[in-house]
Structure formats: structure tokens, C-alpha cells
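S.K.: What shape does this take:
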Amino acid sequence: VLTTATLGQLGAIVVAFLLARLLAPSLRAWIEARIVRRFDEIRGKHVSYVLLALTLPILWLAFEWLAMLIVGRIGLPVSLLRIVTSLLAAWVIIRFTASLVRDPLWSTIVAVAAWSLAAMNILGILDDAGVILDRLAFDVGKVHVSALAVLKGALLLALLLWAANRLSALAERRMTALPRITPSLQLLFSKLLKIGLFAVAVLVALGSIGIDITALAVFTGAVGVGIGFGLQAMVSNFVAGIILLVERSLKIGDFVELPSGVRGEVREINIRNTVVTTNDNIDIIVPNSEFVNGAVTNWTFQDNYRRLRVPFGVAYGTDKELVRKAGLEAAAAVEFTLTDAPRRQPQVWLVAFGDSSLNFELVVWLRPEAVKRPAAVNAAYCWALETALNNHRIEIPFPQRDLHIRSATALRFHPDHPQPHPEGEKNVHQLLP
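M.R.: Model (predicted):
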């Protein structure tokens with residue numbers, strides 16, 4: 001019922017909101033100038049940005065509190081003002097606390113869920129809502145499942161999954177600080193820990209609903225049958241990922257080449273797949289089973305040095321020593337050539353006698369930074385070889401064929417008096433002007 005006291009409280013609420021809306025920009029500018037710019041640490045800046053977003057609710061709460069004190073001193077009812085003040089205080093506290101969750105989606109879900117519970121509690125309808133939700137139930141065998149239990153289980157599952165994710169991230173950071181554990185084992189332990197924590201979170205949430213965990217044996221058997229028929233590839237990739245991480249035959253940063261033609265640097269090794277980035281900056285997601293079941297060329301498995309062979313040919317009769325000199329000059333002109341290793345100096349090999357050329361190979365050892373750039377490196381040596389050969393006037397031959405006619409038949413015809421000719425002579429006649 002709208003009474004004079006109620007209308008007065010509504011007016012105070014509206015006035016407090018308008019004042020907060022009027023002063024919020026000034027307060028926001030003051031916070032940004034005095035607080036935000038002084039924070040160098042990321043978490044501090046994040047908190048200050050949350051304060052900026054809450055300037056309007058905080059001001060509104062302050063004015064509501066002041067209005068409630070003034071109205072109470074006068075002796076008028078303040079029940080409506082007290083409800084609005086409590087709701088605003090709950091929203092400010094919950095929203096600020098939820099800001100600690102860095103994921104915007106999860107932060108919003110936590111804030112809305114917590115504020116909804118707080119609002120129902122403030123309005124005194126939380127118990128009634130719980131009774132209504134508990135009556136919305138159904139039975140699955142001997143298990144009684146209600147809407148209230150499902151809602152509690154969902155909230156608990158969200159909280160446990162968030163906690164499991166945070167704990168796994170913390171454990172991963174701790175393990176990276178252990179120098180005795182290789183990166184592959186660190187990744188394996190962190191993935192297994194994350195999967196284990198998520199599994200525990202799901203089981204605890206199911207138990208909170210009232211589902212007997214031991215009754216999941218039938219479900220586990222069904223999953224096993226599904227794995228046997230439909231999930232073979234997924235399980236194969238999962239097991240292959242564990243094998244890769246345990247054997248350490250593949251590590252992050254390796255440059256690999258697969259039979260399918262994929263060639264690039266390993267960026268991530270996950271439980272199910274591996275991310276390979278090509279030199280064109282294209283990320284290719286490769287199932288782990290390809291690294292276990294097939295032959296994989298790992299260019300940087302044990303050594304970052306690699307030998308490159310660049311084939312080229314010269315005309316017959318060219319001085320071989322001059323070819324060697326030109327090849328070594330080309331190798332010296334390329335910055336990728338390894339020159340500080342006595343046993344890995346550039347060489348020029350005569351490898352074959354071709355149909356039209358003497359076939360040579362420029363054999364060079366590459367520096368570690370060049371191993372992962374095969375296309376650019378090969379192009380650089382081809383460029384330098386062509387320049388060096390031209391400087392020494394060495395001819396690069398192209399295939400030639402000599403045609404020897406062992407016999408021929410003369411064709412007789414008179415252009416002015418064409419006679420019936422055989423088909424071949426007719427064709428020749430048509431070609432003449």
C-alpha cells in the first residue's frame with residue numbers, strides 16, 4: 001500500500017540515485033587520477049578498475065545510508081530504505097569480491113548467483129524459495145533428485161572447478177621453478193594433476209546431489225564400451241600424448257617434419273594433440289598418434305646443428321677447382337654458414353655425371369638459428385651460388401637433345417599445278433606460303 005511514508009522513502013531513493021549519478025563522473029576521474037596511475041602492479045590496476053566500475057553503486061549506497069540516518073532521526077519508517085541499502089551493500093561487496101576471478105564470464109556468474117541469494121535472504125524469501133525448489137523433484141531409481149539439490153550441485157561444481165583450475169595453475173608455476181624436472185615431465189604432471197582435480201570436483205558435486213558414486217560402475221562400463229567402439233582415436237591420442245611426455249622424444253621448441261608434409265616448430269604438447277607452428281606462422285593441430293605411430297623427422301632432437309646439401313650443375317669441361325672455389329665463396333657469403341667448427345667446414349662435392357652437366361653439391365653446416373628456417377636458408381644459398389658462378393663465368397647448362405635423321409624421302413610437288421598427293425605431302429604443301 002502506498003502510504004505517505006512509503007512515498008517519502010521512494011523519493012529519498014530516487015534523489016539519492018540522481019545525486020550519485022551526478023557525482024559519479026567526478027569521483028571516477030579523481031580515482032583514475034589519484035589511484036589508478038599509481039599502481040604499477042597488474043593486480044592493483046585490476047582492483048582499481050573494479051573500483052572505477054563501482055563508483056555509481058558506492059555513491060548510491062553512501063547517499064542511501066545518509067538518507068536512512070536522516071529519516072530515522074526524524075522518526076519516520078525506514079524499512080524500504082533499509083532493504084535498498086542492504087541490497088546495494090550486498091551488490092558492492094559481492095561484485096568487488098567476484099572481481100578476484102579474472103575470467104569475466106565466471107566473475108559475472110559468481111556475482112549474480114551470490115547477489116541473488118543475498119537478495120532473497122534480505123527480502124526474507126530465501127526459505128520459501130528453497131521449499132518450492134525442493135518440491136520440484138523426481139526419482140531416479142533410489143535417488144531423489146530435486147531442483148534445489150541440482151542448483152546446489154551446480155554452484156558447488158562451478159566453485160570446485162574454479163578452485164581446481166587455480167590449484168593446477170599454481171602447481172604448474174611451482175613445477176616450472178624446479179630445474180631437475182624436464183619441461184616434458186612438468187607438462188605431464190600438470191596435465192594429470194588438472195585432470196585429477198577436475199575429476200574429484202565432478203565426483204564431489206555428484207555426491208552433493210545425492211548420487212551414489214558406487215552406482216557409477218554401470219556408467220563406467222558403458223563408457224568402456226563406447227571407448228572400444230567409438231572413442232578409439234581419442235584414447236589413442238591421449239595415450240600417445242602421455243608417451244611423448246614420458247619418453248621426452250618430443251619437446252617444446254623442436255623443429256619437426258611429418259610424413260604428411262607438416263613442418264614447423266612445436267609450440268604446445270597437450271594430452272590429445274600437439275600444436276606445430278610453420279615458418280609462415282600457421283598453427284597446425286596434429287593428433288599425438290601421428291608422432292607415435294609414424295616416422296617423425298626431428299631436426300633438433302639432440303643437436304641444434306644441421307648439414308644442408310644444395311645441388312647444382314655446371315657444363316662439362318669446367319675446371320673442377322674453379323667450381324670448388326666458387327662454391328666456397330658462395331658459402332662464405334651466406335650468414336647462416338657455420339665457420340667456427342674445424343670439422344664442419346663447407347665443402348663442394350662432385351656427386352654425379354649427368355646427361356648435360358657435372359652435378360655438384362654445396363655441403364654446409366648451419367648455425368642453430370638457421371635450422372628452423374629451411375626454405376629461407378636454401379633460397380639464400382641458391383642465390384649466393386648463382387652469383388658466385390656468374391662472377392667466375394661458369395656456365396649453368398640446361399638439358400639439350402641432338403636429333404640425327406638417318407634416312408629421308410624427297411617430296412615432289414609443283415605449286416602451280418597441284419596434283420593429288422599423299423597425305424604427308426598434302427600437309428607439307430599447306431605449310432608453304
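S.K.: which residues are in contact with stretch 326-343?
M.R.: Residues from elsewhere that reach stretch 326-343 (CB atoms under 8 Å, 6 or more residues apart in numbering): 305, 312, 344-346, 348, 360, 362, 364-367, 369-370, 377, 380-381, 384-385, 387-389, 391-392, 394. C-beta coordinates here come from the backbone N, C-alpha and C atoms, glycine included.
S.K.: Can you select the buried ones from these in ChimeraX?
M.R.: Remark: buried members of the contacts of stretch 326-343, expressed as a ChimeraX selection using 16 or more other CB atoms under 10 Å:
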select :312,344,346,348,360,362,364,365,366,367,370,377,380,381,384,385,388,389,394
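S.K.: now, which of the contacts of stretch 326-343 lie within strands?
M.R.: 312, 348, 360, 362, 364-366 (DSSP state E).
S.K.: can you list those in JSON lines and add pLDDT and distance to residue 77?
M.R.: Below are these laid out as JSON lines (pLDDT from 0 to 100; distance: CB to CB, whole Å):
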{"residue": "312", "pLDDT": "95", "distance to residue 77": "98"}
{"residue": "348", "pLDDT": "95", "distance to residue 77": "101"}
{"residue": "360", "pLDDT": "95", "distance to residue 77": "102"}
{"residue": "362", "pLDDT": "95", "distance to residue 77": "96"}
{"residue": "364", "pLDDT": "95", "distance to residue 77": "92"}
{"residue": "365", "pLDDT": "93", "distance to residue 77": "90"}
{"residue": "366", "pLDDT": "92", "distance to residue 77": "86"}
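S.K.: quick one: low-confidence ranges for the stretch 201-350 of the chain?
M.R.: Applying pLDDT under 70 to the stretch 201-350 of the chain flags the ranges 210-231.
S.K.: State the distance from the closest residue to residue 236 other than its chain neighbours to residue 237.
M.R.: Among residues not flanking residue 236 along the chain, residue 289 sits closest, at 4.8 Å (CB to CB, 6 or more residues apart in numbering). To residue 237, residue 289 is 5 Å away according to CB to CB, to the nearest Å.
S.K.: And the contacts of stretch 112-129?
M.R.: With CB under 8 Å, 6+ apart, stretch 112-129 has contacts from 83, 86-87, 90-91, 94-95, 97-98, 155.
S.K.: buried subset of the residues you listed?
M.R.: 83, 86-87, 90-91, 94-95, 98, 155.
S.K.: Looking at those, which are in helices?
M.R.: 83, 86-87, 90-91, 94-95, 98, 155 (DSSP state H).
S.K.: thinking again about what came up before, just checking, which of the buried ones among the contacts of stretch 112-129 comes out lowest on pLDDT?
M.R.: Among the buried ones among the contacts of stretch 112-129, residue 98 carries the weakest pLDDT, at 71.
S.K.: Next, the residue nearest to residue 236: phi, psi?
M.R.: phi -60, psi -30 (degrees, to the nearest 10).
S.K.: how about it, what does it touch?
M.R.: Contacts of residue 289 (CB under 8 Å, 6+ apart): 233, 236-237, 240.
S.K.: Please produce JSON lines containing those, extended by neighbour count.
M.R.: Listed next are the contacts of residue 289 as JSON lines, based on neighbours: other CB atoms under 10 Å:
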{"residue": "233", "neighbour count": "11"}
{"residue": "236", "neighbour count": "16"}
{"residue": "237", "neighbour count": "21"}
{"residue": "240", "neighbour count": "21"}
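S.K.: quick one: the strands in the stretch 151-300 of the chain?
M.R.: Listed in chain order, the strands of the stretch 151-300 of the chain (DSSP state E, counting those that start in this stretch) span residues 255-257, 263-269, 273-277, 283-287, 297-298.
S.K.: In its sheet, which strands sit next to the last one, and in what direction?
M.R.: Okay, so that is strand 297-298. strand 255-257 (antiparallel) (DSSP bridges).
S.K.: quick one: contacts of the partner strand?
M.R.: Outside strand 255-257, the residues that reach it (CB under 8 Å, 6+ apart) are 250, 262-266, 276, 291, 296-300, 371-372.
S.K.: farthest-separated two in those?
M.R.: Using CB to CB, the two most remote members of the contacts of strand 255-257 are 291 and 371, lying 19.1 Å apart.
S.K.: quick one: which of these two has more around it?
M.R.: Set residue 291 next to residue 371 and count neighbours by other CB atoms under 10 Å: residue 291 wins out with 25 against 18.
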